[in-house]
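J.: dropping a prediction and its sequence here:
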Amino acid sequence: MKVIPTLAIVLISAAFSPGELSLLICQTKENLSVASPKDLRNAPTEVVIDNRALSLSAFPWRDFMPGGWGQDGSPLMVALKVSSVDRKSLPNVRLDRAWVLFGEQTWEIFDLRGRTAGQNADKESWIDCSNVPVCETTARDGPKWGPGVFVDIVVRLTDSKGNHHLLRAPNQNVMRSD
């Protein structure tokens, strides 16, 4: 019976680099302690990390263009953009989680990954926002809220010391593209 767990450990170890495996294990642990909706709604709209003030802008929308999704439209998508208030490069941070809150409902995006400029097109990784003026990504496949409703959007940034920082964009109108 011990063959299956041993085989699983070997396969997982082969599939991920040591750094990726460490992040995966930490991310799994963190999934157990999700922030409450109250904590998320009280997250600041600006946070200071390494003496640099950061803000979040977000653009939530659903696609109703003919032929793509049918009359019911696409699931919710949200473009996320973290930038420094002074327009200079961001400190050493990683964008690793997001939440969209609508009334008492929450869409949690556990696994924000993407490609950065110059990175191998076949390789996806954690969204490293370090030393760039703007950090952007898009989350897809959310619930079918809206259009025309307002949501709060929160991201979690992790700094170089492993500290988590919540950053909020309140009252974002879910737009409709036709």
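T.: Done, it's in.
J.: tell me which helix or strand comes right after the helix or strand bottoming out on mean pLDDT in the chain.
T.: When the helices and strands of the chain are scored by mean pLDDT, DSSP states H and E, helix 18-30 comes last with a mean of 42. Per DSSP states H and E, helix 18-30 leads on to helix 37-41 as the next helix or strand towards the C-terminus.
J.: list the neighbouring strands of whichever helix or strand comes after that next one plus their orientation.
T.: Next helix or strand after helix 37-41 toward the C-terminus (DSSP H and E): strand 46-49. Strands that pair with strand 46-49, judged by DSSP bridges, come out as strand 52-63 (antiparallel).
J.: need the contact partners of the following helix or strand past the strand it pairs with.
T.: Downstream of strand 52-63, the next assigned helix or strand under DSSP H and E is strand 77-84. If you take Cβ atoms under 8 Å, 6 or more residues apart in numbering as the criterion, strand 77-84 is touched by 52-63, 90, 93, 95, 98, 100, 129, 133-142, 153, 155, 157, 167, 172. Using the backbone N, CA and C atoms, a C-beta is placed for each residue, glycine as well.
J.: tell me the angle of strand 77-84 relative to strand 52-63?
T.: Using axes from the mean of the first three to the mean of the last three Cα atoms, to 10 degrees, the direction of strand 77-84 lies 170 degrees away from that of strand 52-63.
J.: and whichever helix or strand comes after strand 77-84 with strand 52-63, angle?
T.: Counting by DSSP H and E, the element after strand 77-84 in chain order, helix or strand, is strand 93-102. Strand 93-102 runs at 50 degrees relative to strand 52-63, counting by the same axes, to 10 degrees.
J.: which strands and helices lie in contact with the next helix or strand after strand 93-102?
T.: Sequence order places strand 105-109 as the next helix or strand after strand 93-102, per DSSP H and E. Packed against strand 105-109, as judged by 3 or more Cβ pairs under 8 Å, 6 or more residues apart in numbering; DSSP states H and E, are the following elements: strand 93-102.
J.: now the strand it packs on against strand 105-109, angle please.
T.: 160 degrees.
J.: so which elements touch strand 93-102?
T.: Here strand 93-102 touches helix 37-41, strand 77-84, strand 105-109, strand 125-128, strand 134-139, strand 150-159, going by 3+ Cβ pairs under 8 Å, 6+ apart.
J.: got the buried residues for it?
T.: For strand 93-102, a neighbour-count test (16 or more other Cβ atoms under 10 Å) marks 93-102 as buried.
J.: what's around residue 86, how many residues?
T.: Residues near residue 86, counting by other Cβ atoms under 10 Å, number 10.
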